[in-house]
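Q: can't give you the sequence, but here's the structure:
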(Lines give C-alpha, C1' and ligand atoms only; values in the text may rest on other atoms or scores of the structure.)
Protein backbone atom coordinates (compact mmCIF):
# COMPACT_ATOMS: atom_id res chain seq x y z
CA UNK A 1 0.00 0.00 0.00
CA UNK A 2 1.41 3.38 -0.97
CA UNK A 3 2.03 5.97 1.73
CA UNK A 4 -0.67 8.61 1.98
CA UNK A 5 0.28 12.06 0.80
CA UNK A 6 -0.13 14.78 3.40
CA UNK A 7 -3.07 17.08 2.77
CA UNK A 8 -2.18 20.66 3.63
CA UNK A 9 -4.99 22.32 5.57
CA UNK A 10 -5.48 26.06 5.16
CA UNK A 11 -6.23 27.70 8.50
CA UNK A 12 -8.63 30.63 8.31
CA UNK A 13 -9.02 34.04 9.88
CA UNK A 14 -12.19 35.10 11.73
CA UNK A 15 -14.03 36.45 8.66
CA UNK A 16 -13.18 33.37 6.61
CA UNK A 17 -14.38 31.17 9.49
CA UNK A 18 -17.78 32.91 9.43
CA UNK A 19 -18.12 32.26 5.69
CA UNK A 20 -16.99 28.66 6.11
CA UNK A 21 -19.50 28.17 8.94
CA UNK A 22 -22.39 29.15 6.65
CA UNK A 23 -21.05 26.97 3.82
CA UNK A 24 -20.65 23.91 6.06
CA UNK A 25 -24.08 24.37 7.64
CA UNK A 26 -25.62 24.31 4.15
CA UNK A 27 -23.71 21.16 3.12
CA UNK A 28 -24.56 19.34 6.35
CA UNK A 29 -28.23 20.34 6.03
CA UNK A 30 -28.28 18.97 2.47
CA UNK A 31 -26.82 15.66 3.65
CA UNK A 32 -29.11 15.43 6.69
CA UNK A 33 -32.21 16.24 4.64
CA UNK A 34 -31.39 13.53 2.09
CA UNK A 35 -30.62 11.01 4.85
CA UNK A 36 -33.83 11.66 6.83
CA UNK A 37 -36.29 12.84 4.20
CA UNK A 38 -36.94 16.04 6.17
CA UNK A 39 -36.51 19.06 3.90
CA UNK A 40 -38.34 21.54 6.13
CA UNK A 41 -35.36 23.27 7.76
CA UNK A 42 -35.91 26.97 8.45
CA UNK A 43 -34.06 29.56 10.46
CA UNK A 44 -35.72 31.01 13.54
CA UNK A 45 -34.94 34.20 15.41
CA UNK A 46 -36.33 37.17 17.26
CA UNK A 47 -35.12 40.25 19.07
CA UNK A 48 -36.18 43.03 21.41
CA UNK A 49 -34.89 46.58 20.98
CA UNK A 50 -34.77 49.63 23.19
CA UNK A 51 -36.09 53.10 22.29
CA UNK A 52 -32.95 53.89 20.25
CA UNK A 53 -33.19 50.67 18.22
CA UNK A 54 -30.34 48.86 19.96
CA UNK A 55 -30.83 45.11 20.38
CA UNK A 56 -31.18 44.39 24.10
CA UNK A 57 -32.26 40.75 23.84
CA UNK A 58 -32.56 38.09 21.16
CA UNK A 59 -32.55 34.45 20.17
CA UNK A 60 -31.72 32.42 17.10
CA UNK A 61 -31.83 28.83 15.99
CA UNK A 62 -33.71 26.69 13.51
CA UNK A 63 -36.53 24.22 13.08
CA UNK A 64 -36.16 20.94 11.23
CA UNK A 65 -37.84 17.56 11.34
CA UNK A 66 -40.41 18.47 14.05
CA UNK A 67 -37.65 19.77 16.34
CA UNK A 68 -36.64 23.30 17.25
CA UNK A 69 -33.07 24.02 18.27
CA UNK A 70 -32.31 27.30 20.00
CA UNK A 71 -28.66 28.11 19.37
CA UNK A 72 -28.40 31.36 21.31
CA UNK A 73 -30.64 33.26 23.73
CA UNK A 74 -29.24 36.45 25.23
CA UNK A 75 -30.48 39.38 27.31
CA UNK A 76 -28.32 42.44 27.96
CA UNK A 77 -27.09 42.47 31.56
CA UNK A 78 -28.81 45.78 32.26
CA UNK A 79 -32.19 44.33 31.18
CA UNK A 80 -32.10 40.96 32.96
CA UNK A 81 -34.74 40.07 35.52
CA UNK A 82 -37.54 41.87 33.64
CA UNK A 83 -39.08 38.89 31.83
CA UNK A 84 -37.38 39.51 28.48
CA UNK A 85 -35.77 36.07 28.38
CA UNK A 86 -39.12 34.46 29.15
CA UNK A 87 -40.75 36.50 26.37
CA UNK A 88 -38.10 35.38 23.88
CA UNK A 89 -38.41 31.74 24.91
CA UNK A 90 -42.21 31.86 24.66
CA UNK A 91 -42.03 33.46 21.19
CA UNK A 92 -39.59 30.78 20.00
CA UNK A 93 -41.78 27.98 21.38
CA UNK A 94 -44.94 29.41 19.80
CA UNK A 95 -43.26 29.73 16.40
CA UNK A 96 -41.87 26.22 16.73
CA UNK A 97 -45.34 24.83 17.50
CA UNK A 98 -46.77 26.63 14.46
CA UNK A 99 -44.06 24.96 12.38
CA UNK A 100 -45.14 21.57 13.68
CA UNK A 101 -42.29 21.04 16.13
CA UNK A 102 -42.80 18.58 18.96
CA UNK A 103 -39.82 19.63 21.06
CA UNK A 104 -37.25 22.34 21.68
CA UNK A 105 -33.62 21.46 22.34
CA UNK A 106 -30.95 23.85 23.60
CA UNK A 107 -27.72 23.95 25.54
CA UNK A 108 -26.47 26.25 28.26
CA UNK A 109 -23.37 26.29 30.40
CA UNK A 110 -23.46 25.66 34.14
CA UNK A 111 -22.55 29.32 34.71
CA UNK A 112 -25.23 30.64 32.37
CA UNK A 113 -28.94 29.87 32.77
CA UNK A 114 -29.77 26.26 33.72
CA UNK A 115 -32.17 27.38 36.48
CA UNK A 116 -33.96 29.68 34.02
CA UNK A 117 -34.62 26.81 31.60
CA UNK A 118 -35.75 24.49 34.40
CA UNK A 119 -38.27 27.13 35.54
CA UNK A 120 -39.65 27.20 32.02
CA UNK A 121 -40.28 23.46 31.83
CA UNK A 122 -37.05 22.28 30.25
CA UNK A 123 -35.67 18.91 31.32
CA UNK A 124 -31.94 18.36 31.71
CA UNK A 125 -30.91 15.54 29.37
CA UNK A 126 -27.15 15.41 29.82
CA UNK A 127 -24.09 17.43 30.70
CA UNK A 128 -20.63 17.49 29.23
CA UNK A 129 -18.21 18.13 32.05
CA UNK A 130 -15.12 20.21 31.40
CA UNK A 131 -16.74 22.29 28.65
CA UNK A 132 -15.16 24.71 29.41
CA UNK A 133 -12.68 23.57 32.01
CA UNK A 134 -14.17 23.81 35.48
CA UNK A 135 -17.75 24.02 34.15
CA UNK A 136 -20.19 21.96 32.11
CA UNK A 137 -22.32 22.29 29.00
CA UNK A 138 -25.89 21.17 29.77
CA UNK A 139 -28.36 19.95 27.16
CA UNK A 140 -32.05 20.65 27.83
CA UNK A 141 -35.22 19.61 26.00
CA UNK A 142 -38.88 20.50 26.34
CA UNK A 143 -41.82 18.71 24.79
CA UNK A 144 -44.25 21.12 23.14
CA UNK A 145 -48.00 20.93 23.25
CA UNK A 146 -50.13 20.66 20.14
CA UNK A 147 -50.73 23.67 17.89
CA UNK A 148 -51.96 23.78 14.35
CA UNK A 149 -48.93 23.89 11.97
CA UNK A 150 -48.58 26.89 9.68
CA UNK A 151 -48.65 26.32 5.92
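A: Perfect, thanks for sending it. What you see is a predicted model, and the numbers here were worked out from it, not measured in a lab.
Q: which SS state does residue 18 fall under?
A: Taking DSSP: H, G, I helix; E, B strand; the rest coil as the rule, one finds residue 18 in the helix state.
Q: Quick check: which ranges of this structure have low pLDDT?
A: Judged against pLDDT under 70, the low-scoring parts of the chain cover residues 1-2, 146-151.
Q: Tell me which residue is most central in it.
A: To find the centre residue of the chain, average its C-alpha atoms and take the closest one (Cα atoms, centre = their mean): that gives residue 71, at 1.7 Å.
Q: Go ahead and name everything in contact with the helix or strand harbouring that one.
A: Secondary structure assignment for residue 71, by DSSP states H and E: strand 67-75. By Cβ atoms under 8 Å, 6 or more residues apart in numbering, the residues outside strand 67-75 that reach it are 44, 56-63, 84-85, 88-89, 92-93, 95-96, 99, 101-106, 113, 144. In short, each C-beta sits where N, CA and C put it, glycine included.
Q: Might you specify the subset of these located within strands?
A: By the criterion of DSSP state E, membership of these in strands covers 44, 56-63, 103-106.
Q: would a markdown table of those with distance to residue 121 be doable?
A: Conversion of the ones in strands among the contacts of strand 67-75 to a markdown table gives the following (distance: Cβ to Cβ, whole Å):
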| residue | distance to residue 121 |
| --- | --- |
| 44 | 18 |
| 56 | 24 |
| 57 | 20 |
| 58 | 21 |
| 59 | 16 |
| 60 | 21 |
| 61 | 17 |
| 62 | 21 |
| 63 | 18 |
| 103 | 11 |
| 104 | 10 |
| 105 | 13 |
| 106 | 12 |
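Q: Please spell out the PyMOL selection for the buried subset of these.
A: In PyMOL, selecting the buried portion of these, with burial taken from 16 or more other Cβ atoms under 10 Å, looks like this:
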select buried, resi 44+56+57+58+59+60+61+62+63+104+105+106
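Q: In the ones in strands among the contacts of strand 67-75, find the pair that's most separated.
A: Using Cβ to Cβ, the two most remote members of the ones in strands among the contacts of strand 67-75 are 56 and 103, lying 28.0 Å apart.
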